[in-house]
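**Student:** Sharing a model prediction with you, sequence too.
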Amino acid sequence: MVPITKEALSKLVTETTVEIYEELTPQLIQLIDQTKHNDKLTEAQKQDEISLHMMGYVKSCTNEIMIEVLAEILGLE
């Protein structure tokens, strides 16, 4: 579906955002869980690692959202 209004584009981006975040969340949870149980790290290091995981998650989600929305608009497979 190629959106022809700003509202349609907003709906496409919102739906894609929810889809991508839900798709990638299990990987983030796994990384956080592994970090929390890593006895080689101090609590401060664990928090730093978790922050990095979160930043990477948001970056990955943002990239995937842009790719998916642009692919939809441009008719790419």
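**Tutor:** It's in.
**Student:** measure the residue nearest the centre of the chain to E72 for me?
**Tutor:** Central residue of the chain (Cα atoms, centre = their mean): C61, 2.3 Å from the mean position. Here C61 is placed at a distance of 16 Å from E72 (Cβ to Cβ, to the nearest Å). (C-beta placed from N, C-alpha, C; glycine too.)
**Student:** With T42 instead?
**Tutor:** Relative to E72, and taking Cβ to Cβ, T42 is found at 45 Å.
**Student:** Remind me what the helix or strand where T17 lies packs against, helices and strands.
**Tutor:** Applying DSSP states H and E as the criterion places T17 in helix 6-36. Helices and strands touching helix 6-36, by 3 or more Cβ pairs under 8 Å, 6 or more residues apart in numbering; DSSP states H and E, are helix 43-74.
**Student:** What's the mean pLDDT across the helix it packs on?
**Tutor:** Confidence for helix 43-74, expressed as mean pLDDT, is 97.
**Student:** hang on, the earlier thing: T42 and E72 - which one has more neighbours?
**Tutor:** E72 (16 against 8; other Cβ atoms under 10 Å).
**Student:** Tell me how far the more buried one lies from V13.
**Tutor:** Distance from E72 to V13, by Cβ to Cβ: 10 Å.
**Student:** got it, and D33?
**Tutor:** Distance from D33 to V13, counting by Cβ to Cβ: 30 Å.
**Student:** Looking at the two, which has the bigger crowd around it?
**Tutor:** A side-by-side neighbour count of D33 and V13, using other Cβ under 10 Å, places V13 first with 16 against 10.
**Student:** give me the number of residues near the residue nearest to that one when sequence neighbours are not counted?
**Tutor:** Nearest residue to V13, sequence neighbours excluded (Cβ to Cβ, 6 or more residues apart in numbering): V69, at 5.6 Å. Residues contacting V69 under the criterion other Cβ under 10 Å number 18.
**Student:** again, but for K59
**Tutor:** Residues near K59, counting by other Cβ under 10 Å, number 10.
**Student:** Could you do Y57 as well?
**Tutor:** When neighbours are counted by other Cβ under 10 Å, Y57 comes out with 18.
**Student:** Please apply the same query to L52.
**Tutor:** Neighbour count of L52, defined by other Cβ under 10 Å: 12.
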